[in-house]
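Build me a model:
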Amino acid sequence: MDKAQLVYEMLNRIRIPLDEVAHQLSADGDGDCLIRLYEFCVECMEKFVRPGRERRVMTILMHRCEFTLELHEVEQRENALTREFVVLVERLFDGQRQRLHAAVTPRSASLQLHSLFRGTLAGILRDQDIFAPLMDVRLIFTLYFRSLVKDWP
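Modelled structure (predicted):
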């Protein structure tokens, strides 16, 4: 198995299929779709920072894997999935636009969420001692959603 295939297989083992995510977060589901998005973020972050296979894979992918020409196709696939996820979350926020603070657009909310998730995960995986206060991922995402959503509980 070549390096590209190995990275591809590692990603497939830890990723939830995007169509499953879309179904889980859809505005037609039970309860508040923004609460479901919050719970999804918390669940994923906790899965990736807990000791185990997911954490090892994410550490390799975020800190030890150089996306060279050999991995170009894998990188392109990852970029496409990221764009699809950002659009999915943007649509979710768009459907809840009346609940967002005036200066918040669905696009900016979606991009900020992606950046918050990725940046927090990268920091925790790089140095858990420095980022130990961030390990309360519920607090991190609660503060984020409160900054966007007027009626956040």
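
Asp151 and Gln98 touch, don't they?
No - if you go by CB atoms under 8 Å, Asp151 and Gln98 don't touch, sitting 9.7 Å apart. All C-beta spots, glycine's among them, are computed from the backbone N, C-alpha and C.

what about Gln128, neighbour count?
Neighbour count for Gln128, taken as other CB atoms under 10 Å: 14.

Would you list the phi and psi of it?
Phi and psi for Gln128, reported as degrees, to the nearest 10, are phi -70, psi -20.

same deal with Asp129?
Asp129 adopts backbone torsions of phi -70, psi -50, taken as degrees, to the nearest 10.

Distance from the chain centre to the longest helix along the chain, please.
In the chain, taking DSSP state H as the definition, the longest helix is helix 72-95. Mean C-alpha position of helix 72-95 versus that of the full chain (CA atoms, centre = their mean, to the nearest Å) differs by 10 Å.

Return the list of helices and strands in contact with it.
helix 3-14, helix 18-25, helix 33-49, helix 106-126 (3 or more CB pairs under 8 Å, 6 or more residues apart in numbering; DSSP states H and E).

Switch those helices over to JSON lines; also include distance to Leu92.
Compiled in JSON lines, the helices and strands packed on helix 72-95 are given as follows (distance: least, CB to CB, whole Å):
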{"stretch": "helix 3-14", "distance to Leu92": "22"}
{"stretch": "helix 18-25", "distance to Leu92": "6"}
{"stretch": "helix 33-49", "distance to Leu92": "6"}
{"stretch": "helix 106-126", "distance to Leu92": "8"}
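
Of all these, which one comes closest to Arg138?
Arg138 sits nearest to helix 33-49 of all the helices and strands packed on helix 72-95, at 5.5 Å, using CB to CB.

and after that closest one, which helix or strand comes next?
helix 53-59 (DSSP states H and E).

and that next one, what other elements does it pack with?
Helices and strands touching helix 53-59, by 3+ CB pairs under 8 Å, 6+ apart, are helix 3-14, helix 33-49, helix 106-126.

again, 6 Å this time
helix 3-14, helix 33-49 (3 or more CB pairs under 6 Å, 6 or more residues apart in numbering; DSSP states H and E).
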